Structure formats: C-alpha cells, structure tokens
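Engineer: Dropping a prediction and its sequence here:
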Amino acid sequence: NAEIMEQIIMVRGAGIDHAENGKIVLDMFNKSEEGYYDAILMDVRMPEMDGLAATEAIRALDRPDAKKIPIIAMTANAFDEDVQRSLQVGMNAHLSKPVEPDRLYQTLEELIWEYDQAKNDKEETIYEIADLTYHIMVLMTEMGISLEDIQEARKIVEENTKKVKSPYTIEHKEKFNFWP
C-alpha cells in the first residue's frame, strides 16, 4: 500500500520520505530542519507506535512547525468516531482507504496552501517590523539624534529580541541590514 501511495504522490513531482512506523515518523520529523516537511501522511495503524500516538507526539514537540504541519490520517477506519479521534489528536484531515488520488491531491493542496499562508503571514510580520524599524531610524536621524545614539538603540533592540520570542530576530538583521 505504501509503495502505491508513493507512486501516486510522485506523479505530481513531490518528494517522499517513507517511515515503517510512528516512532520513525516522529524521529524523522524531530531531526529535520524546521519547515523541511510540507505535510505528513500518517497511517493510523502502524507497528511500534500508531499514527494517533505519533501525531500527539509531533504536536507536543517544542518547535513551531510541529503545531502547524498538516498531518493527514490514512486509514481503513471510516466510522465517525475514527474521524473524530484523528481530529482530536491533532490531525488535519482523515482519508479512508482506498484513497482516491484526486481526493488526496486536493487535500494535500488545500492543507499545504494553508500551512504556507501561515508561514507567509509570519514573514510579512517580519517585513512590517523591519519597515517600521527603518522608519523609526530615519525619524531619529531627522530629529538630530546622533549616530552613536541610533547605534545604541540598535543594540537595545537586538538584546531585547534575544530575550523574547519576536518575529524580528538577529538572524533577520542580515535580511534587513539598514541599521547604521
């Protein structure tokens, strides 16, 4: 079944990482770089750790993409209580086997689009903050504030972004290098 599903997905040019059980899925996701995966197709019935437990474990990880990555249940269980249980543990959708390729493509496209929008919203926030920071710096210059004071303000912003989780981080300084 997994090989057939891989072929169906690869027809659309997507890359696949296959895991034999939920424990391996969890390990692969946990070791991956943030944002590496666009979605997870999760078989509910797997040995060692089932898909429900793996989903709960992924959602509990302390990384932003773990809370938002689309996880889609793939199972022969089609009863309402099965669908509800999948959603309760944090899955985004529930597809019953045999899965129709068009239904799979549609579900993946919709969920990945939503996931990308959430990532883009964060990126837009970063640009908005960078734009605001630039305008503040220009205003400080127009007010006659010395270059030394502007540089001191920059240090304060950078120190405070280290202390709190903020969309403007030091790594974004490279992207928005407008400070004097």
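Structural biologist: The structure has been received and is ready for your questions.
Engineer: ok now do Leu95, which residues does it touch?
Structural biologist: Contact criterion CB atoms under 8 Å, 6 or more residues apart in numbering gives 72-75, 103-104, 107 as the residues in contact with Leu95. (C-beta placed from N, C-alpha, C; glycine too.)
Engineer: Once you drop chain neighbours, what's closest to Ala53?
Structural biologist: Once its chain neighbours are removed from consideration, Ala53 has its nearest residue in Gly22; the separation is 5.9 Å (CB to CB, 6 or more residues apart in numbering).
Engineer: That neighbour - how many residues pack around it?
Structural biologist: Here the number of neighbours of Gly22 (other CB atoms under 10 Å) works out to 25.
Engineer: any idea how far Asp102 is from it?
Structural biologist: Summarising the geometry, the distance separating Gly22 from Asp102, computed by CB to CB, to the nearest Å, is 27 Å.
Engineer: With Met10 instead?
Structural biologist: 16 Å.
Engineer: More neighbours: these two, which one.
Structural biologist: When Met10 is set against Asp102 and neighbours are counted by other CB under 10 Å, the residue ahead is Met10, at 11 against 8.
Engineer: Look at the nearest residue to the more buried one once chain neighbours are set aside and report its pLDDT.
Structural biologist: Counting by CB to CB, 6+ apart, Met10 lies nearest to Ile16, which is 6.4 Å off, once chain neighbours are set aside. In the prediction, the pLDDT value recorded for Ile16 is 84.
Engineer: what about Ile16, which SS state?
Structural biologist: Using DSSP: H, G, I helix; E, B strand; the rest coil, the secondary structure recorded for Ile16 is coil.
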